[in-house]
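[1] Following is a predicted model, sequence given first.
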Amino acid sequence: MEQAMSLLNRAVNNNAVVNTCLASIFAVLSARSWAQEQTIKVLEEEKDSLLKLNKSMKNAMWEWKQALYAEAGADPKKALVPLSTIKSIYGEVVTSNSGADDKKDKQSAKPKFII
């Protein structure tokens, strides 16, 4: 036991051992940092592609909405969904309810969001 403690004390006091440990720790940390940088680059590229995809999806939904409005407005009798229903779905028209809800609607001028 004393020999092990003596050997450990000599190793701790030896600059070469300490420097070797510090260099190896630095190498491990550098490798970890490099791996994290590579992961960040991949994630940033994925973020950019997702943002582009999200923008294209928003544009497609906007075009579909405009097409729905155009079809419902062009010929209301042939439209599958009436224009008033489409507007209420998108929250552009406040729908009126009967009874006690009418009093609440008159008090609040905020439009309702219908999902």
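    Ah, there it is. Numbers count the residues shown, from 1 in each chain.
[2] From here on, just use CA atoms for contacts and neighbour counts.
    Will do.
[3] Helices of the chain, residue ranges please.
    2-13, 15-74, 83-89, 100-107 (DSSP state H).
[4] Report the mean confidence score over the last one.
    Right, the one you point to is helix 100-107. For helix 100-107, the mean per-residue pLDDT is 52.
[5] Out of the helices of the chain, indicate the one that is most buried.
    Most buried of the helices of the chain by mean neighbour count (mean count of other C-alpha atoms under 10 Å) is helix 83-89; its value is a mean of 15.
[6] Export that helix to PDB, keeping only CA atoms.
    Once non-C-alpha atoms are left out, helix 83-89 reads as follows in PDB (Å, rounded to 0.1, in the frame of the first residue of the first chain):
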ATOM      1  CA  LEU A  83     -68.700  31.900 -48.900                       C
ATOM      2  CA  SER A  84     -70.100  32.900 -45.500                       C
ATOM      3  CA  THR A  85     -69.100  29.500 -44.100                       C
ATOM      4  CA  ILE A  86     -65.500  29.900 -45.500                       C
ATOM      5  CA  LYS A  87     -65.200  33.300 -44.000                       C
ATOM      6  CA  SER A  88     -66.400  32.100 -40.600                       C
ATOM      7  CA  ILE A  89     -63.900  29.200 -40.800                       C
END
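[7] which other helices and strands contact it?
    helix 15-74 (3 or more C-alpha pairs under 8 Å, 6 or more residues apart in numbering; DSSP states H and E).
[8] could you check the angle helix 2-13 makes with the helix it packs on?
    70 degrees (axes from the mean of the first three to the mean of the last three C-alpha atoms, to 10 degrees).
[9] quick one: the spatially closest residue to residue 11 that is not a sequence neighbour from residue 74, how far?
    Distances taken as C-alpha to C-alpha, 6 or more residues apart in numbering place residue 17 nearest to residue 11, at 6.1 Å, with adjacent residues excluded. Using C-alpha to C-alpha, to the nearest Å, residue 17 is found at 85 Å from residue 74.
[10] Check the residue nearest to residue 11 and give its pLDDT.
    On the pLDDT scale, residue 17 is placed at 85.
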